[in-house]
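Enquirer: Pasting a predicted model and its sequence here:
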Amino acid sequence: MENHEIAAVFEEISNLMKIIQDDPKWTFKAAAYDRAKRSIEGFPERLEDVARDLSRKLTDIPGIGADLAKKITELVETGQSAYHQEQLAKVPRSLLDLLQLQTVGPQKVRLFYKQANVQSVDDLEAAAKEGRLRSLPGMSEKSEENILKAIETFRRAAGRFRLDTAYETAEILSAWLHDSKAVEEVTPAGSLRRGRETVGDLDLLVTGRDHSSIADHFVKFPGIASILGKGDDKVSVKLKNDMQVDVRLLDRSAYGAALQYFTGSKEHNVALRHRAKGNGWTLNEYGLYHGEKLLASRTEEEIYAKLGLRVDSPGTARKPGRN
């Protein structure tokens with residue numbers, strides 16, 4: 001299980017605690033899950049590798065206590081958390097879709113659910129159109145209008161973009177990034193590089209000398225509608241056409257590993273990690289390792305070659321000598 005998947009489970013547990021509020025202590029527990037989620041997202045290694053290494057402890061990771069370490073181990077071993085499933089059973093699953101709406105957090109979801117019997121985005125839309133939300137605490141007629149706009153945006157963003165649209169967007173953004181003298185190389189990854197018929201999010205891998213100045217330059221792109229996140233190694237934005245773009249800022253030494261990781265499908269990457277594990281190695285977006293020793297990272301070709309594979313096309317590989 002990938003770090004982002006574990007982080008997503010913890011985020012959902014936190015949101016469920018805030019919505020359900022069965023226990024007064026859950027405010028503090030929810031905050032602990034939020035801290036752990038942020039720590040996991042920023043952790044440079046796969047938690048699954050740490051959990052399976054008897055010489056290491058998950059509790060050494062900032063924000064991970066004994067209870068959360070047990071839940072991570074359970075997720076790694078079984079693919080799910082019993083505690084997570086227990087909380088999910090307490091509310092309609094569709095209720096969590098409301099959290100995807102702009103300006104709607106867990107407290108508002110609880111308000112809509114408890115006082116307006118809203119259980120889905122469709123329910124919320126109907127309640128807003130009928131004027132049933134404005135009388136709720138903290139709500140107004142303007143709030144209802146904002147809710148309806150957020151639902152419209154959510155439904156547009158839930159779709160995918162044609163390959164030609166994604167290519168054109170990638171070319172425009174690449175040209176903009178290259179206007180920064182700090183940028184060395186820009187490469188589209190993800191489903192665009194794999195040549196899928198449609199693309200959801202657009203991933204751009206960028207190498208350069210000064211990540212901070214590159215990030216500052218990128219967020220000035222006039223086609224950006226909102227900045228979702230901005231850090232030392234990643235910038236996420238929503239464009240005015242509702243496409244989300246994730247710019248990964250990389251060191252040149254790890255470029256090949258990142259290109260492989262962010263191009264390959266989930267199934268492809270899982271297969272490669274299992275192959276690496278069979279040799280006693282670990283593979284992540286930073287490189288192929290034997291313990292602390294770096295075996296390959298600069299190019300995709302050297303990573304696949306080390307694993308006994310050759311690159312046929314972006315994101316795919318096969319054993320040498322097989323047609």
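Expert: Yes, it's here.

Enquirer: What's the end-to-end length of stretch 48-58?
Expert: 10 Å (Cα to Cα, to the nearest Å).

Enquirer: which secondary structure elements does the helix or strand harbouring Ala36 contact?
Expert: For Ala36, the host element (DSSP states H and E) is helix 26-42. In terms of contacts (3 or more Cβ pairs under 8 Å, 6 or more residues apart in numbering; DSSP states H and E), helix 26-42 is packed against helix 3-20, helix 66-78. Placement of C-beta: from N, CA and C, glycine included.

Enquirer: Figure out which of those helices is closest to Ala258.
Expert: Ala258 lies closest to helix 3-20 among the helices and strands packed on helix 26-42, at 14.7 Å (Cβ to Cβ).

Enquirer: Pull out the buried positions in the closest one.
Expert: Buried residues in helix 3-20, defined by neighbour count with 16 or more other Cβ atoms under 10 Å: 3, 6-7, 9-19.

Enquirer: hmm, who's touching the helix holding Ala36?
Expert: 3-4, 6-7, 10-11, 13-15, 17-18, 20, 23, 47, 61-65, 68 (Cβ atoms under 8 Å, 6 or more residues apart in numbering).

Enquirer: please redo it, this time with the cut-off set to 10 Å
Expert: The contact list for helix 26-42 (Cβ atoms under 10 Å, 6 or more residues apart in numbering) reads 3-21, 23, 47, 61-65, 67-69, 71-72, 87, 106, 229, 231-234.

Enquirer: what's the spacing between the closest residue in space to Ala305 that isn't next to it in sequence and Gln260?
Expert: Take Ala305 and drop its neighbours on the chain: the residue closest to it by Cβ to Cβ, 6 or more residues apart in numbering is Ala296, 7.7 Å away. For Ala296, the distance to Gln260 equals 10 Å [Cβ to Cβ, to the nearest Å].

Enquirer: How about Tyr83?
Expert: In terms of Cβ to Cβ, Tyr83 sits 34 Å off from Gln260.

Enquirer: More neighbours: these two, which one.
Expert: Between Tyr83 and Gln260, counted using other Cβ atoms under 10 Å, Gln260 has the larger neighbour count: 29 against 15.

Enquirer: helix or strand for the more buried one, which one?
Expert: helix 255-263.

Enquirer: Compute the number of surrounding residues for Phe221.
Expert: Going by other Cβ under 10 Å, the residues that sit close to Phe221 add up to 15.

Enquirer: That one is in contact with Leu177, isn't it?
Expert: Yes: the pair Phe221 / Leu177 is scored as a contact, 8.6 Å apart, by Cβ atoms under 10 Å.

Enquirer: residue boundaries of the helices in this protein?
Expert: For the chain, helices defined by DSSP state H occupy the ranges 3-20, 26-42, 47-52, 66-78, 82-88, 106-116, 121-129, 141-157, 163-178, 190-194, 211-218, 255-263, 266-278, 300-306.

Enquirer: quick one: average confidence on the second one?
Expert: The average pLDDT for helix 26-42 rounds to 92.
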